[in-house]
Every structure is written in C-alpha cells, then in structure tokens.
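Colleague: when you get a sec, could you give me coordinates for this:
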Amino acid sequence: MNMLDLKKDLLNACLKEIEDRAESLRKVMEDAQQSANDYGQPKDRYDSYRAQLLRKRDMFGQQLQKILEQKNILERINLNKKHEVAEFGAIVMTNKQNIFIVVGLGKVDLGDDSYFVISPAVPYFKAVEGKKKGATFEFRGQAFNILEIG
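Modeller: Residues are numbered from 1 along each chain as shown. Below you'll find the predicted structure:
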C-alpha cells in the first residue's frame with residue numbers, strides 16, 4: 001500500500017475513533033441530565049446531588065468539545081501531500097513503531113499494523129520533528145531509525 005492510501009485509511013480510522021468517543025460522551029451527558037431531571041429540584045440548600053449530576057454533565061460536555069476540535073483538525077489534513085520530513089500530518093515509520101502526527105488519540109490498529117496517533121505538542125514529536133527518511137533520533141534513551149515518511 002502506498003503512503004497516501006495508508007494516510008487516507010489511517011485518517012478514516014482516526015475519524016471513526018473520534019466519532020465513537022463523541023457518541024459515548026453524548027450518551028453519558030444525556031444520562032446525567034436525565035438523572036438530574038428525574039431527581040427534581042434540590043430538597044433543601046444542603047442537597048447537592050442534583051448540582052453534582054449537572055457538574056458531571058458539564059465536565060463531559062467540555063471533553064466532547066475537545067474531541068470535536070480534534071475532529072475539526074483531522075478534517076483539515078491534506079491527504080494528497082507527500083511529506084519528506086516528520087511534521088504535522090506525516091506518517092513516520094521507525095524500526096520500533098509507527099506514528100501519525102495529527103492529534104493525540106493514542107494507539108490505532110489498522111489491519112495487522114498499529115500506529116500511535118500523536119499530537120505535535122508531545123515530547124516524542126519534538127525528538128523526531130524535522131527528521132528525514134534514514135535519520136536517527138533518540139528519545140528516552142532509545143535510538144530510533146526512520147524507515148519511511150509519508
């Protein structure tokens with residue numbers, strides 16, 4: 001599989017992961033709101049159960065907002081750009097692991113291969129940033145060789 005096709009498949013897997021997370025958060029928010037509605041108004045001024053449920057809903061709402069921002073970033077990636085260096089939007093294959101530099105999602109499996117979807121804000125990216133195919137870099141005492149960039 002060429003790198004552009006791999007990037008498209010990987011991006012689709014990331015978008016599916018984000019949509020699954022967003023749907024899960026929406027459900028938890030609805031459950032918290034429904035529990036608060038079922039409980040009714042506070043029974044007295046010391047009754048904080050309903051307020052606790054609403055805070056929980058708001059916390060998940062903030063997480064949902066962050067996930068939707070990540071989705072927005074993913075949707076703006078140029079799938080036709082062939083990367084020559086490790087940068088935002090690139091797939092970097094090393095002798096030890098494969099990474100996709102877009103947003104922080106963690107491990108994503110695609111077929112038999114695993115990719116670590118990372119943000120450009122993490123220390124690992126700082127170690128690999130700007131490196132080309134064939135370059136070596138060190139991260140946390142381990143040496144990595146870049147086998148392919150796409």
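Colleague: what is the neighbour count of Ile67?
Modeller: Neighbour count of Ile67, defined by other C-beta atoms under 10 Å: 21. Where C-beta positions appear, they are placed from N, C-alpha and C, glycine not excepted.
Colleague: what average pLDDT does the helix or strand hosting it get?
Modeller: For Ile67, the host element (DSSP states H and E) is helix 49-75. Mean per-residue pLDDT for helix 49-75: 92.
Colleague: what helices or strands is it leaning on?
Modeller: On a contact count with 3 or more C-beta pairs under 8 Å, 6 or more residues apart in numbering; DSSP states H and E, helix 49-75 meets helix 3-39.
Colleague: gap between stretch 101-109 and the chain center?
Modeller: 5 Å (C-alpha atoms, centre = their mean, to the nearest Å).
Colleague: swap that for stretch 54-72, please
Modeller: Put simply, stretch 54-72 sits 14 Å off its chain's centre (C-alpha atoms, centre = their mean).
Colleague: buried residues, it. List them.
Modeller: Within stretch 54-72, the residues that count as buried by 16 or more other C-beta atoms under 10 Å are Lys56, Arg57, Phe60, Gln63, Leu64, Ile67, Gln70, Lys71.
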